[in-house]
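J.: Everything below, folded, please.
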Amino acid sequence: MSNETRATRIFAVALSGIATLALTVSTSAIAALGGDAATVVADQVHINGKLVVSQTQKYTVHEIQAPSGTVVREFASPAGIVFGVAWSGPTMPDLRQVLGPYFDQYVGAAAQRNRRGPVLIEQPGLVVQSGGHMRAFVGKAYVPEAVPQGVALDEIR
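T.: Okay, here's the model as predicted:
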């Protein structure tokens, strides 16, 4: 095999690897909250967890358990939109992943807090409650206007 052929093959393999990486990165950056139910698979891959799906009349719950023991639940409306997420476990989930396009709004609101302790953010279009301590974190976030009619907010847990 000539050096030119070898270089061409190496370039093709590298290009294929870069394309795969780009697809993986863009897929894992897809948001959970506010996204469609198809984003759950990206979240499962990102979390590297086990997925269990359960259905109620009002919504579907996609529960992902990470190897760390942290559980993330994504609540999808009958239309397939993730209207709420909840988490619990020994570690915090990647909130950038879980909150998706709402992450910057969350960070901005959290930065304005001048105290420690549980987080409660209630803004138009986003509610986040988070608390706990090392090895025992809990929280939830939801988009109020996306919550299906008849779903009580305390069901998001």
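J.: Give me the neighbour count for residue 47.
T.: For residue 47, the neighbour count with other CB atoms under 10 Å is 23. For the C-beta atoms, the positions are set from N, CA and C on the backbone; glycine is no exception.
J.: Can you find the helix or strand in this structure with the smallest mean pLDDT?
T.: Counting by mean pLDDT, DSSP states H and E, the chain has its least confident helix or strand at helix 3-28, which shows a mean of 34.
J.: Which secondary structure elements does whichever helix or strand comes after it sit against?
T.: Going down the chain from helix 3-28, the next helix or strand is helix 39-47, by DSSP states H and E. Packing partners of helix 39-47 (3 or more CB pairs under 8 Å, 6 or more residues apart in numbering; DSSP states H and E): helix 3-28, strand 50-55, strand 60-65, strand 71-76, helix 95-99.
J.: which outside residues touch the fourth one?
T.: This points to strand 71-76. Contact with strand 71-76 is made by 32-33, 36-37, 40, 43, 47, 49, 59-66, 82-89, 93, 98, 142, 155-157, as judged by CB atoms under 8 Å, 6 or more residues apart in numbering.
J.: Now do it against strand 60-65, angle only.
T.: Counting by axes from the mean of the first three to the mean of the last three CA atoms, to 10 degrees, strand 71-76 lies at 160 degrees to strand 60-65.
J.: Just checking: what are the partner strands of strand 71-76?
T.: Pairing partners of strand 71-76, with direction, according to DSSP bridges: strand 60-65 (antiparallel), strand 82-89 (antiparallel).
J.: most neighbours per residue, which of those strands?
T.: strand 82-89 (a mean of 23; mean count of other CB atoms under 10 Å).
J.: could you give the angle of that strand to helix 39-47?
T.: 30 degrees.
J.: avg pLDDT for strand 82-89?
T.: Mean pLDDT, computed over strand 82-89, is 97.
J.: can you check stretch 35-55 too?
T.: Here the average pLDDT along stretch 35-55 is 85.
J.: Cool, thanks, talk later.
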